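Just need the structure, nothing else, for what follows:
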Amino acid sequence: MKAKMNFFTYLLDRGFVLLGWLAFYGLTLLLVWIYPKLSVSWDFAVYLFLLEFFMMSFFLAWDYGRKRQYYQELIMLAKERTPEQIFKNIHTNEQHLVEVTIAALIERQQLELNQVIQRQQEQRDFLNSWVHEIKVPLAALNLLQQAIADDIPEARYYQMENEVGHINDYVEQVLYYARLDAFSQDYLIQETSLADLAHEAVKNFANYFIMKHLQLQFVGADFTVLTDAKWFVFILRQIIANAIKYTPDNGKITIELFQADGKRGIRITDTGVGIPPADLPRIFDQGFTGSNGRNLEQKSTGLGLYLAKNLAQKLGHALDVSSILAVGTTVTIYLPELNFYDYQPSFL
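From the prediction side, this is the model:
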């Protein structure tokens, strides 16, 4: 609701004053009429009404003019200015009471906001600590897994390795989610080979390709991009993980590097189940799993694409998804043609 205060709204707020004046006017006429030595004529009634109306109008206009600047200052406060910046025209105890009340509310709100920020920081610190602590037993689990590699069937070994990989991926998601708000303190933009980034992202999924008999194809010539390698590889891994998860056995995943018609970037295409049209507008929402993610065989956290989208925007990249149900999905990351001298990340 837009804050406003003009003379008309001022009069509306003083409706009881105007009604009181009319009641007083009627009472005056009644007293004059019942007094035996005075006679009441229409001329007298009109003259008395005009006299009192003029005096009341003058008083209300003077009072509005005296408070008009104060009302303007209140409207400025509604536009997110602090009391110290606006209250300069206080004339009454009522106005002073309003000033003190607003200042107290702002101070209380600021205190509560600081407490919320502190709790959020404590939660982020706990998550970061938990992630680093859990990586120790995960590393030990990897070593144990390698030690028993010759004692168990190859299929079981790959299955165990994949499950450990899932745990690592979920831990990484938690870590990157906790660091999302502090992105500006932990990034390094530099020139990097896009093909190298793509190969780095695919490297950890070798077992999944083997077990599901998926075909991986790289298309397009390599070129150099400006990005943060760590964050960009994480983005690619979220997209590739989804492609593997929702592509049936013996399917195909294509990673294409392209630069044409003023556009450049990387495109990941799979021959998976596709995304229902109703789910497509919401796939980047936090926690949204969609009908595919609710499948008992393909459980999803709803964080992967949310993190990918947010991190891509912070890096100054654009992320787009198209999909045909039962045919496949294509995720495209568009990269701007930039150099060190004109690079401007979106979060600055």
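
Please count neighbours and contacts with C-alpha atoms only from this point.
Noted.

residue contacts, residue 172?
residue 131 (C-alpha atoms under 8 Å, 6 or more residues apart in numbering).

That one belongs to a helix, doesn't it?
Yes - read with DSSP: H, G, I helix; E, B strand; the rest coil, residue 172 is one of the residues of a helix.

What about residue 193, how many residues nearby?
15 (other C-alpha atoms under 10 Å).

cool, and residue 146?
13.

Kindly report the same for residue 183.
16.

who's in contact with it?
residue 314.

now the strands for this protein?
With DSSP state E as the criterion, the chain has strands at 190-193, 215-219, 224-227, 252-260, 263-270, 318-324, 328-334.

Taking strand 215-219 as reference, get the angle to the fifth one.
Same thing as strand 263-270. 170 degrees (axes from the mean of the first three to the mean of the last three C-alpha atoms, to 10 degrees).

domains of this structure?
7-91, 183-334 (automatic domain parsing).

Any stretches of the stretch 151-300 of the chain with poor pLDDT?
For the stretch 151-300 of the chain, the stretches with pLDDT under 70 are 184, 295-299.

Residue 200 contacts residue 234, doesn't it?
No - using C-alpha atoms under 8 Å, residue 200 is not in contact with residue 234, being 9.8 Å away.

Between these two, which has more neighbouring residues?
residue 234 (22 against 17).

on that earlier part again, tell me which of the domains of the chain is the most buried.
domain 183-334 (a mean of 17; mean count of other C-alpha atoms under 10 Å).

could you check the distance from the residue nearest to residue 45 when sequence neighbours are not counted over to residue 142?
Distance criterion C-alpha to C-alpha, 6 or more residues apart in numbering; nearest residue to residue 45, sequence neighbours excluded, is residue 29 at 7.2 Å. Computed as C-alpha to C-alpha, to the nearest Å, the residue 29 to residue 142 distance reads 100 Å.

try residue 336
Counting by C-alpha to C-alpha, the gap from residue 336 to residue 142 is 39 Å.

Ok, residue 152 next?
Distance from residue 152 to residue 142, by C-alpha to C-alpha: 15 Å.

who has more neighbours, those two?
residue 142 (14 against 10).

could you list every residue that touches the more buried one?
Contacts of residue 142 (C-alpha under 8 Å, 6+ apart): 161, 164.

One more: residue 247?
Counted by C-alpha under 8 Å, 6+ apart, residue 247 has contacts 270-273.

In a markdown table: the residues you listed, plus distance to residue 57.
Formatted as a markdown table, the contacts of residue 247 follow (distance: C-alpha to C-alpha, whole Å):
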| residue | distance to residue 57 |
| --- | --- |
| 270 | 77 |
| 271 | 79 |
| 272 | 77 |
| 273 | 76 |
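
ok, of these, which one's closest to residue 308?
In terms of C-alpha to C-alpha, no member of the contacts of residue 247 lies closer to residue 308 than residue 270, at 17.4 Å.

The spatially closest residue to that closest one that is not a sequence neighbour pairs with what?
Nearest non-adjacent residue to residue 270, counting by C-alpha to C-alpha, 6+ apart: residue 253, 4.4 Å away. Taking DSSP bridges, one finds residue 216, residue 270 as the beta-bridge partners of residue 253.

Test my guess that residue 253 contacts residue 241.
No - when contacts are counted by C-alpha under 8 Å, residue 253 is not listed as touching residue 241 (10.9 Å).

circling back to that earlier point, out of the domains of the chain, nearest to residue 105?
domain 7-91 (10.8 Å).

for that closest one, what is the average pLDDT?
Domain 7-91 shows an average pLDDT of 73 in the prediction.
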